[in-house]
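Participant: need coordinates for the below:
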Amino acid sequence: MPFRLPRRVPELATALVAVIGIAACAPATGPAYDPSAPIPDRVPAGTVITVADQQSILKTMLTASGEARNLPFTVKFADFAGGPAILESFRADAAQVAIVADVPPIHAQIARFPSPIIKAWQLERGGVSVVARPGVALHSPADLRGRKIGYAEGTAHQAMVLRLLRSAGLSKHDVQLVPLQLTEVGEALGAGQIDIAPLMEPISTKYRLAHPDAQVLPDAVSQAAQSGLMFLYSPRSALADPARAAALKQLSAAIDRARAWADADKDRWIDTYYTRALKIPAAVGRIAYDGQGTWRAVPLDRALVARQQETIDTLAAFDEIPGGRISADGSVDFRFATHPAT
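Facilitator: I've put the predicted structure just below:
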């Protein structure tokens, strides 16, 4: 059956904005959260942490590296696609930590469910390409004018599209923005229901191999439109719990070691993750890996807060934040820093 965009996309999008707008006027929810409270060194017996994973990347890293079995608490994994789904898992206490890019923590803040960043990495490369369906010219951001652009709202792809529009001097009224679920974007592009979309790896590589005539925005332009940041973030309800906070601090360190294990042997990681876990050919996996490259830990400091503020300001400039600009202050839990915040 061919993919079709929902008939009521404009109504659904309006409803989503209305819900976020109401939430933005409500008081923050959750238990008392003290960002200066010390985090215990020991994790109490019986502590369980559920990770909201994406494409099973953390599960694969922690399991294959052996780090998961060395944790002194139970860690579970559940796959989610994109920030909006993860936020709902946080609200339901179905997950206590997640891996995302730059926008989901901002959307959590907009929705009055603050979920501070507890770990940050800089990807060697942004990992997302801007791809046009066959027959659509795409040489520069100016070619976005008049096009139907699909993107996953509440994800880093949203900010990426807005940065590209800004670089071309375009407004939202110069294009047709089509918010979709993250899992729908590649399918919508393949079905010709949208003209252009940012696609993450390995979806981007798989799409381009299937559509060799499709044009891609020059890599340097796509890279400049991405922050390349990857975060662990956690709802205040989890961070206010000493047992869970202690577990999250140990989990953060374990993920760093697991990522070092992954980057130490590129071929081993491609085989372990892309070929075995994601079930894609090794050649595609190699291209997908190179689309992100290695991960470098980024300090939890005021410079990181400033980078998040830049993304907030980009969203606000395009009227993507109900009520207008918000502050990035409080978006990072400095207790998880490995050195004093500056």
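Participant: what's the burial count for Arg257?
Facilitator: 15 (other CB atoms under 10 Å). From N, CA and C alone the C-beta is placed, and that goes for glycine too.
Participant: please, which helix or strand holds it?
Facilitator: helix 242-264 (DSSP states H and E).
Participant: could I get the CA-only coordinates of that helix as PDB?
Facilitator: Output of helix 242-264 as PDB, limited to C-alpha atoms (Å, rounded to 0.1, in the frame of the first residue of the first chain):
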ATOM      1  CA  PRO A 242      19.100  10.000  44.900                       C
ATOM      2  CA  ALA A 243      19.200   6.300  43.900                       C
ATOM      3  CA  ARG A 244      18.400   7.000  40.200                       C
ATOM      4  CA  ALA A 245      20.700  10.000  40.100                       C
ATOM      5  CA  ALA A 246      23.500   7.800  41.400                       C
ATOM      6  CA  ALA A 247      22.700   5.100  38.800                       C
ATOM      7  CA  LEU A 248      22.600   7.700  36.000                       C
ATOM      8  CA  LYS A 249      26.000   9.000  36.900                       C
ATOM      9  CA  GLN A 250      27.500   5.500  36.700                       C
ATOM     10  CA  LEU A 251      25.600   4.900  33.500                       C
ATOM     11  CA  SER A 252      27.000   8.000  31.900                       C
ATOM     12  CA  ALA A 253      30.500   6.900  32.600                       C
ATOM     13  CA  ALA A 254      29.800   3.400  31.300                       C
ATOM     14  CA  ILE A 255      28.500   4.900  28.000                       C
ATOM     15  CA  ASP A 256      31.600   6.900  27.600                       C
ATOM     16  CA  ARG A 257      33.700   3.700  28.000                       C
ATOM     17  CA  ALA A 258      31.400   1.800  25.600                       C
ATOM     18  CA  ARG A 259      31.700   4.500  23.000                       C
ATOM     19  CA  ALA A 260      35.500   4.500  23.300                       C
ATOM     20  CA  TRP A 261      35.300   0.700  22.700                       C
ATOM     21  CA  ALA A 262      33.200   1.200  19.600                       C
ATOM     22  CA  ASP A 263      35.400   3.900  18.100                       C
ATOM     23  CA  ALA A 264      38.600   1.900  18.900                       C
END
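Participant: that helix: what's the following helix or strand?
Facilitator: Assigned by DSSP H and E, the successor of helix 242-264 is helix 266-269.
Participant: can I get the CA coordinates of that next one in CSV?
Facilitator: Output in CSV follows, covering the C-alpha atoms of helix 266-269 (Å, rounded to 0.1, in the frame of the first residue of the first chain):
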residue,chain,number,x,y,z
LYS,A,266,35.7,0.8,13.3
ASP,A,267,35.3,-2.5,11.5
ARG,A,268,34.2,-4.4,14.7
TRP,A,269,31.6,-1.7,15.5
